[in-house]
Every structure is written in structure tokens, then in C-alpha cells.
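Q: pasting a predicted model and its sequence here:
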Amino acid sequence: MSEESTANAASMGEKVIGFFQSGQWLEALIPFATSLVIAFAIFIIGFFVVGKIISVISKMMDMRKMDEALQGFLLAIIATLLKAVVILIAVEQLGMDTTSLLAILGAAGLAIGLALKDSLSNFAAGVMLIMFKPFKIGDFVEAGGAAGIVEKITVFNSIFRSGDNKEIIIPNGHIYGGTIVNYSAKPTRRIDLVMGIGYGDDMKKAREIMLEVINNDERVLKNPEPVVAVHELADSSVNFVVRPWVKTGDYWPTYWALTENIKDAFDKNGISIPFPQQDVHMHAVNTSD
């Protein structure tokens with residue numbers, strides 16, 4: 001080692017010894033230690049307060065009977081945001097500049113939001129579905145281009161079961177952004193049948209037969225009163241509308257039973273049901289020329 005290097009090292013050592021002997025280190029350490037203690041206190045007390053706030057919000061959600069999946073997700077987001085605020089306050093107490101940190105976090109949040117645009121859209125739609133409940137578990141619904149019984153509603157997608165027992169997973173954004181038809185929302189439904197008879201048949205007799213079949217079915221409601229009326233004079237038939245009301249759960253069994261029973265009653269009473277037919281006429285052509 002050269003004499004110059006040795007002298008520099010000795011000078012640096014003397015400065016360090018002098019710094020500690022003069023008590024300057026204590027003057028510099030006390031403010032930092034004070035700030036560190038205050039920041040730690042802010043951190044501990046802040047997290048405690050956040051826990052209390054989350055507990056109150058959770059109780060309020062329970063009182064409103066909010067969906068558990070949505071409740072857990074929202075509580076996690078609120079807790080994360082509040083804890084982030086506490087951490088920023090504690091860091092700022094240490095004398096660090098949080099402006100640049102917030103700018104970095106904001107840019108990162110924007111980038112993540114753009115990357116997860118579709119997922120966030122589905123999440124927002126899921127929150128709306130759970131909060132406003134246009135349908136519930138067990139309802140038969142037509143939405144998002146599919147129809148089936150609702151089996152599960154999550155914050156990102158909904159799961160339907162089709163009539164042939166297939167599982168259909170639909171993003172919530174497709175459901176909430178379109179038309180929702182809930183066939184189970186009302187306790188009663190109207191059956192709409194169109195029954196045609198021939199032009200030569202007795203319309204009054206046909207109407208009485210259909211009303212008799214309807215009234216003999218115990219599932220048909222008396223109020224509202226069933227409607228059987230001439231609806232259309234078609235090309236080859238006189239069409240009646242048959243509109244009885246039933247409980248929603250009895251819709252399809254009654255629909256099928258009425259269709260079959262009216263056909264049987266027409267057959268027994270000589271009422272014809274026209275069907276498309278085509279007459280073919282054959283003409284002899286003289287080919288002797």
C-alpha cells in the first residue's frame with residue numbers, strides 16, 4: 001500500500017472516530033429513530049383501525065344478505081386499499097417522497113386495467129347481477145345466447161344447466177349486456193297454443209270441445225279465465241288461439257297434455273285438423289307427331 005493511501009485511510013478513520021466522539025451521530029439518530037417509532041405506531045394502529053372498519057362493513061353486508069362470493073371479494077379490495085393508504089402514510093413519516101411511488105403505482109394500475117379489460121367488465125357485470133338479482137339459483141333463464149337452469153353465479157361468470165344436462169358457462173358481461181328472459185320470475189304463465197280446424201267443421205262445437213278439455217285439466221287456473229277464440233282465417237284452416245293460465249312449474253306438462261288431449265277430442269268428435277297437402281295432376285301428351 002502506498003504512503004498516500006495509508007494517509008487517506010488514517011484520515012477517514014480519524015473523521016469517523018471524531019464523529020462518534022463529538023456526539024453528532026446521536027443528534028442524527030434521534031430524529032430518525034423518532035420518525036421510525038412514529039411510522040411503526042402509524043402502521044400498527046392503522047392496521048388495527050382497518051380491521052375494525054372491515055368488521056363493520058362485513059356486518060352491514062351480512063345484514064343486507066349480500067352474496068358471500070361478492071362479499072369476500074369486496075372486503076378484500078377495501079382492506080387492500082385501506083392498508084395501502086396506511087403504508088403510504090407511514091412511509092411518508094420517514095421522510096420519503098411518496099409522489100413518485102404513487103405515480104409508479106398509478107401507471108402499473110392503468111396497465112393492468114387495460115390488460116384485464118374483459119375480466120374487469122365481467123366482474124362489474126357479476127357485481128350488478130348479484131346486487132340487483134335479475135335471476136337466482138334454480139331459475140330457468142334465457143340470457144347470453146343460451147337457455148337453462150341457473151346453477152351458480154360468480155363475480156366473473158354464471159353457470160347454467162341445459163335441458164339435456166349440459167353445463168354452460170357464460171361470462172357475466174355477455175349476460176348483463178343483453179336481454180335477460182327469466183321464465184321462473186313469475187308464479188304463473190300463460191300457455192299459447194294455436195289449433196286449426198277445417199273450413200267445413202263446426203267452429204262453435206270445436207270451441208266447446210277445447211274449453212271442455214281445458215276445464216278438465218286440474219292444473220289450469222280458473223283465474224285468469226282461459227281464452228279460446230278464432231284468431232285467423234288461414235289458407236286451409238280456421239285457426240283458434242288457446243290460452244289457459246297455469247303455475248310456472250306446470251307449464252310444459254300442461255302444454256304437452258293439452259295438445260294431445262285436444263287432438264284426441266277432435267278425432268272422437270269428427271273435427272278435422274288440416275295439414276299441408278299437394279295435388280298432382282297427370283296429363284297425357286300425344287307424342288305421335
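A: Nice, thanks for sending it over.
Q: where in the chain is pLDDT low?
A: By pLDDT under 70, the low-scoring segments of the chain are 1-32, 67-70, 73, 95-105, 107-118, 276-289.
Q: please save the CA atoms from stretch 197-209 in CSV.
A: The C-alpha trace of stretch 197-209 is given here as CSV (Å, rounded to 0.1, in the frame of the first residue of the first chain):
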residue,chain,number,x,y,z
ILE,A,197,-109.8,-26.8,-37.9
GLY,A,198,-111.2,-27.3,-41.4
TYR,A,199,-113.4,-24.7,-43.0
GLY,A,200,-116.2,-27.2,-43.2
ASP,A,201,-116.1,-28.0,-39.4
ASP,A,202,-118.4,-26.5,-36.8
MET,A,203,-116.5,-23.7,-35.1
LYS,A,204,-118.8,-23.5,-32.1
LYS,A,205,-118.5,-27.2,-31.5
ALA,A,206,-114.8,-27.1,-31.8
ARG,A,207,-114.5,-24.2,-29.3
GLU,A,208,-116.7,-26.1,-26.8
ILE,A,209,-114.6,-29.2,-27.2
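Q: return the set of buried residues in that stretch.
A: Residues of stretch 197-209 classed as buried: 197, 201, 206-207, 209 (neighbour count, 16 or more other Cβ atoms under 10 Å). Where you see a C-beta, it was placed from the backbone N, CA and C, and this is true even at glycine.
Q: please apply the same query to stretch 164-184.
A: Within stretch 164-184, the residues that qualify as buried are 168, 170-176, 184, counting by 16+ other Cβ under 10 Å.
Q: re earlier: from the buried residues of stretch 197-209, which is closest to residue 52?
A: Nearest to residue 52 out of the buried residues of stretch 197-209 is residue 207 (Cβ to Cβ; 71.7 Å).
Q: just the buried residues of stretch 197-209: which are in strands?
A: Applying DSSP state E to the buried residues of stretch 197-209, the entries found in strands are residue 197.
Q: of the buried residues of stretch 197-209, closest to residue 65?
A: For these, the minimum distance to residue 65 (Cβ to Cβ) is 49.7 Å, reached by residue 207.
Q: do you know how far that closest one is from residue 126?
A: 50 Å (Cβ to Cβ, to the nearest Å).
Q: from residue 192, how far out is residue 169?
A: For residue 169, the distance to residue 192 - Cβ to Cβ - is 32 Å.
Q: phi and psi next, for the closest residue to residue 229 other than its chain neighbours.
A: Closest residue to residue 229 apart from its sequence neighbours, by Cβ to Cβ, 6 or more residues apart in numbering: residue 241 at 5.7 Å. Dihedral pair for residue 241: phi -100, psi 130, per degrees, to the nearest 10.
Q: okay, and the beta partners of residue 241?
A: Counting by DSSP bridges, residue 241 forms beta bridges with residue 194, residue 229.
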